[in-house]
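> give the three-dimensional model of this entry:
(chains A and B)
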Amino acid sequence: MIAIRSGAKSSSVGRGIKRPSTPYLLLIPGLAWLAVFFVYPLINLASTSVQTPAASGEIGAYVQSFRFANYLDAISGSKEQFMRSIFYAVLATIIALAIAYPLAYAIAFKSGKWKNLLLVLVVAPFFTSFLLRTIAWKQILGDQGPVVTVLRTLHLLGPQAGLTASAFAVVTGMTYNFLPFMTLPLYASLERIDPRVLEASGDLYANAITTFRRVTLPLSMPGVVAGTLLTFIPAAGDYINASLLGNPKTRMIGNVIESRFFEIVDYPTAAALSFILMAAILILVTIYVRRSGTEELV
Amino acid sequence: MKRWISKNLLRIYAFFAFVYLFIPIAYTMAFSFNDAGKSNLTWRGFTLKNWQNPCGAPEVCSALGNSLKIGFLATAVATILGTMIAFALGRHRFRGRSTVNLLIFLPMATPEIVLGASLLAMFLNLGINPGFWPTVIAHVMFCISFVVVTVKARIASLDPKLEEAAMDLYADEFATFRRVTLPLVAPGIFGAALLAFSLSFDDFIITNFNSGTLTTFPKFIYVASARGIPAQANVIGSSMFILALVIVLAGQLVKTRKSR
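Predicted structure coming up:
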């Protein structure tokens, strides 16, 4: 996905392959799977999103119609959660970028023989369950946890005030959980930079800041774009952090979709919300990718 | 001192970033040794009993078993299907390549909740009850793209001259593939399988939508979190962490040995 050069560009490769049907035979099983279990469900969801409740009034029974007003109802019913999801996701993405960029830079240029080990350490959090780590944050930030105790002793936090069940905790959890998604593409693009290019910049009397701003940062832009997308997209649709670390006032759009599906059994609204979320993400991502000028991404 | 700090500022920053990454893991591990009762929220003293009896808490091991079964099945299918697509993209020229690339990219760019919700809506419409097989199907679906991307990168990094050399030495297409291409791509396939397994094993959102009453390990933790997670879940989480780290580090070791 991230600027991976396809090997087929070198024309000499195809020399030994005579049957033009081979690539299609290789593609069919996997693409059929995606067609049936990814594309078709989306089409099906689109048709669900314009259904209306059945006349019988039975819970969970819907008939096919073309009620596009479902989308308007869905938006007006959860505008707040939508804006919050985008806001939290943008915030988590920016913080993750601020943490991950220097980290990736240090691994790429300053780690010497420890490079591979440090890279393993970056992905190591993935090896413990995502939920266990999120719940660990709940305890770390909890009222009996070390952070609150320290802050209370320093009188930075009142005796009744806490950190969990707050927007702060939700964004902390999201930043943490998606940090490796940010770090890896950043590292990949920084590592490709030839150190001699940076030396050349220094030889031409650019100071460290100018070198970074004019050379390193532009060269690492593909990594910045890939990392921010890989963080932003799952963060915008996430509801685990909000339900484990948040309170009713930090509900995100994912929470709404989930409860529409399982608690209220309102499939059309859930489906409409899913599409609005997808559309919002696609629009934001398109604008962002156009703006940052790296379209080799997809 | 001041100069040392400014010289090593980046390293210090990186050190603290790693501390941040590892705090919750250290916490999870520490609390696997907690002499906890029903809820594992506060430290009550050191014990080994959770490690001696990891299945001590009700349901925790059956949930783990389900996750492992789903993980292995989904990994096997997704790795085969994804590797085939990667070979088609990396080693063949055909029409519709950009459509295929888009179809591979889209599932990775779709929020998990939309993937999960759309599959569930389809299963419900078709009268299929969510459960074990719908979950496996869903996991294969979201793992395929990651396998394709990983294996394709490996294929792209190969020198096509090696295959040409094999053909020049009168190896036919099949022999070239089996004796030259496949062994060279194998590390990529292995890496992709590891990635697929870890994605499947750790998935909660899509699983939650499609598994019905079946309990997987992440689902067990989520449900248990309301009334307190048994320390045995920390034991299993810590073991998986150590196991995965050992596998990856062993792989790194083999790689450096070979390259010498």
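
> what are the phi and psi values for the residue in chain A that chain B sits nearest to?
Relative to chain B, the nearest point of chain A is residue A:237 (2.5 Å; Cβ to the nearest Cβ). For glycine as for every other residue, the C-beta is placed from the backbone atoms N, C-alpha and C. The phi and psi values for residue A:237, taken as degrees, to the nearest 10, are phi -100, psi 0.

> contacting residues around it?
A:85, A:253-254, A:277, A:281, B:111-114, B:205 (Cβ atoms under 8 Å, 6 or more residues apart in numbering or on different chains).

> these in helices, which ones?
A:85, A:253-254, A:277, A:281, B:112-114, B:205 (DSSP state H).

> not counting sequence-adjacent ones, nearest residue to residue A:48?
residue A:271 (4.2 Å; Cβ to Cβ, 6 or more residues apart in numbering or on different chains).

> next one: residue B:197
Closest to residue B:197 by Cβ to Cβ, 6+ apart is residue B:75, at 4.4 Å.

> so the one you found makes contact with residue B:136?
No: using Cβ atoms under 8 Å, residue B:75 is not in contact with residue B:136; the gap is 10.2 Å.

> quick check: neighbours shared by these two?
In contact with both residue B:75 and residue B:136: no residue, using Cβ under 8 Å, 6+ apart.

> between these two, which is the more surrounded one?
Neighbours per residue (other Cβ atoms under 10 Å in any protein chain shown) separate residue B:75 from residue B:136, with residue B:75 holding more: 24 against 21.

> what sits against the residue of the stretch 1-150 of chain B found nearest chain A?
For the stretch 1-150 of chain B and chain A, the shortest gap (Cβ to the nearest Cβ) falls at residue B:111, measuring 2.5 Å. By Cβ under 8 Å, 6+ apart, the contact list for residue B:111 reads A:233-234, A:236-238, A:254, A:277-278, A:281.

> same question for the longest helix seen in chain B: list its buried residues.
Secondary structure of chain B read by DSSP H shows that its longest helix is helix B:60-91. Going by neighbour count (16 or more other Cβ atoms under 10 Å in any protein chain shown), the buried part of helix B:60-91 is B:60-61, B:63-64, B:66-67, B:70-71, B:73-75, B:77-91.

> distance between it and the chain's centre?
Here the centre of helix B:60-91 is set off from its chain's centre by 9 Å, with Cα atoms, centre = their mean, to the nearest Å.

> what do you get for stretch A:228-237?
2 Å.

> rounded mean pLDDT for that stretch, please.
Here stretch A:228-237 scores 92 as its mean pLDDT.

> who does the longest helix of chain B touch, helix- and strand-wise?
With contacts taken as 3 or more Cβ pairs under 8 Å, 6 or more residues apart in numbering or on different chains; DSSP states H and E, helix B:60-91 sits against helix A:22-34, helix B:97-109, helix B:132-156, helix B:182-202, helix B:217-224, helix B:231-259.

> those helices: which one's closest to residue A:73?
Set against residue A:73 and scored by Cβ to Cβ, the helices and strands packed on helix B:60-91 come closest in helix B:97-109, at 26.6 Å.

> touching, residue A:146 and residue A:139? I think so.
No: counting by Cβ under 8 Å, residue A:146 does not reach residue A:139; the two are 9.5 Å apart.

> of these two, who's got more company?
Counting neighbours by other Cβ under 10 Å for residue A:146 and for residue A:139 shows that residue A:139 has the greater number, 20 against 13.

> neighbours around the closest residue to that one other than its chain neighbours, how many?
Distances taken as Cβ to Cβ, 6+ apart place residue A:145 nearest to residue A:139, at 5.7 Å, with adjacent residues excluded. Residues within reach of residue A:145, counting by other Cβ under 10 Å, total 20.

> pretty sure residue A:145 contacts residue A:136?
No: using Cβ under 8 Å, residue A:145 makes no contact with residue A:136, being 9.9 Å away.

> need the overlap of contacts for those two.
Counting by Cβ under 8 Å, 6+ apart, nothing touches both residue A:145 and residue A:136.

> who are the contact partners of the residue positioned nearest the centre of chain B?
The centroid of chain B falls nearest to residue B:198 when counting by Cα atoms, centre = their mean (1.8 Å). When contacts are counted by Cβ under 8 Å, 6+ apart, residue B:198 is found next to A:126-127, B:244.

> rerun that using 7 Å as the cut-off
residue A:126 (Cβ atoms under 7 Å, 6 or more residues apart in numbering or on different chains).

> give me the secondary structure label for residue 158.
Answering for chain A, as no chain was given. coil (DSSP: H, G, I helix; E, B strand; the rest coil).

> chain B, not that one
Under three-state DSSP, residue B:158 comes out as coil.

> touching, it and residue B:186? I think so.
No: counting by Cβ atoms under 7 Å, residue B:158 stays clear of residue B:186, with 11.4 Å between them.

> more neighbours, the two?
Counted by other Cβ under 10 Å, residue B:158 and residue B:186 do not tie: residue B:158 has more neighbours, with 18 against 12.

> and the gap between the nearest residue to the more buried one once chain neighbours are set aside and residue B:194?
Excluding its sequence neighbours, the residue lying closest to residue B:158 (Cβ to Cβ, 6+ apart) is residue B:184, at 5.4 Å. Taking Cβ to Cβ, to the nearest Å as the measure, residue B:184 falls 18 Å from residue B:194.

> list the contacts for the nearest residue to residue B:48 once chain neighbours are set aside?
Among residues not flanking residue B:48 along the chain, residue B:33 sits closest, at 7.0 Å (Cβ to Cβ, 6+ apart). By Cβ under 7 Å, 6+ apart, the contact list for residue B:33 reads B:46-47, B:50.
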